[in-house]
Structure formats: C-alpha cells, structure tokens
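**Q** fold the stuff below for me.
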Amino acid sequence: MNKVKDIHLTWISFILDLIFKNNESRIKRKSEQKEGSYSMMKIPMEKLGLFEQLDRIVVAFFSKQQPSSPYDLNISITQEHLDQKKQELEPLGYQAVQLPLGMALDNVIQQAHFKALIIGGLAPEEIIVSKEELMPMKDIVDSFCIMYAAANNRLENSKAYELMKDKTVYFIGKLFTDFPKAGDEIAYLGIDRIASDGTPYEAVKCFSNGRECREVQW
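**A** Residues are numbered from 1 along each chain as shown. You can find the predicted model right below:
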C-alpha cells in the first residue's frame, strides 16, 4: 500500500512542479453544474502523464438523467476533492462512479454528450482538458479498455485478441519472437504497477507511435 501511495504522490508532485515551474495560464470557466464561476487551470495534455495513469482508479460524476446538452466529466483523485464534489453535484442529479482513469477518458472521447474532462485533486485548482485535446489518445485508450476488460473477465480473451491483433505498438528493448531459440534474452522499458489485490508487478511500456518511443530513447 505504501508503494501505491508513493506512485500517487509522485504523480501529484510532478503536476505541481509543472504548474509552478511553467507558470501555466489559468482560466475562468463558468460551471455548467452550478451558478457562478470557479478557477480552472489549463495544462498541455501531453505534459499531464495520463498514459502512465490509465489504470489508476478515480471517481467520476455522471448525470443520472439523459443530458439535454453536453457537459464536462468531473473526476476526483483525492478524498478531499471527492467529498467536496459530492456535496456540490449529487444534489444536482449526478452520481459518483469508481472506475479506471482510462475508462473515464474513453467516455469523454467516445460519448457526444461530454465536451471536456475536469481533473480535481492534483492541484489547488481543477485542471480542464478538452475532448479535442484527448483525441490523440483515442487508440491508446481504446486498447487499454479492451485489455482491462479481458483482464477482469468482462471480455473473452479470443475477442480481445481479434480486437487487438491488427494494432501496432512500439516498445524499447527486445522481446521473444514467435520462434524463440535457446539463449534468447529479453530486455524492455518497464513500469512498476500494483494489481487490484495489492500485488506488485512489472509491465512492458508500449507506445502507440514511433515518435513517442524515439522521444523516450533520446
């Protein structure tokens, strides 16, 4: 559990460092859920590190009724922000749902009634990312949702294979080929992860395009 907390704090520290070092512009945006306005922060999507956090469990607020107009999907990553948002949004007909960050992103990307993602708990101000800014992650998020569903027995492995077999991914290192030989070695850029039962494991870090992979190598 300490390792989970350390990873979480590392992400928060990274974002706070980005906020204060780069002096990103703040914006005032009128809230669709309540009267008045509140302060939000814009940070370039590619600097948020969302790729490494796709399996992080967050709490998202969905409207219980069919929305008559597009709205922003609020997510909370800390208990303090969650408590605040519950008081604000639940009386207005929103329900809190626990899910991986990748699935929250998938909702914003795929569903027409969402126009932006609002992340709360990373900084004193909420961070807003528009649907358009998230679109470059569409294939990555789609792949994550397929693999997550298969790993949690919500999708048959054979179906997941059919959906994933034509996708191209890039990684740094060398993995086994279809015909491994004695003496073959593997090497890869890994990510330390924590399973839902608390068991630590290492995953292979993959990229959806060669440009991202080369940038890491450099």
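**Q** just checking, next helix/strand downstream of the helix or strand encompassing residue 84?
**A** Counting by DSSP states H and E, the element that carries residue 84 is helix 79-89. The helix or strand immediately downstream of helix 79-89 is strand 94-100, counting by DSSP H and E.
**Q** need the contact partners of that next one.
**A** With CB atoms under 8 Å, 6 or more residues apart in numbering as the test, strand 94-100 has contacts from 33, 54-64, 74, 82, 85-86, 90, 144, 148. No exception for glycine: its C-beta is placed from N, CA and C like everyone else's.
**Q** write the PyMOL selection for whichever of those residues are buried.
**A** The PyMOL command for the buried members of the contacts of strand 94-100 (criterion: 16 or more other CB atoms under 10 Å) is given here:
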select buried, resi 33+54+55+56+58+59+60+61+62+63+74+82+85+86+144+148
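**Q** in helices, which of the contacts of strand 94-100 appear?
**A** Applying DSSP state H to the contacts of strand 94-100, the entries found in helices are 82, 85-86, 144, 148.
**Q** which one of those residues is nearest to residue 46?
**A** Nearest to residue 46 among the ones in helices among the contacts of strand 94-100 is residue 144, at 17.0 Å by CB to CB.
**Q** looking at it, that closest one is touching residue 104, isn't it?
**A** No: taking CB atoms under 8 Å as the definition, residue 144 is not a contact partner of residue 104, at 11.2 Å.
**Q** where does residue 19 land on pLDDT?
**A** If you check residue 19, the pLDDT there is 45.
**Q** make sure residue 193 is indeed in a helix.
**A** No: applying DSSP: H, G, I helix; E, B strand; the rest coil, one finds residue 193 to be strand, outside a helix.
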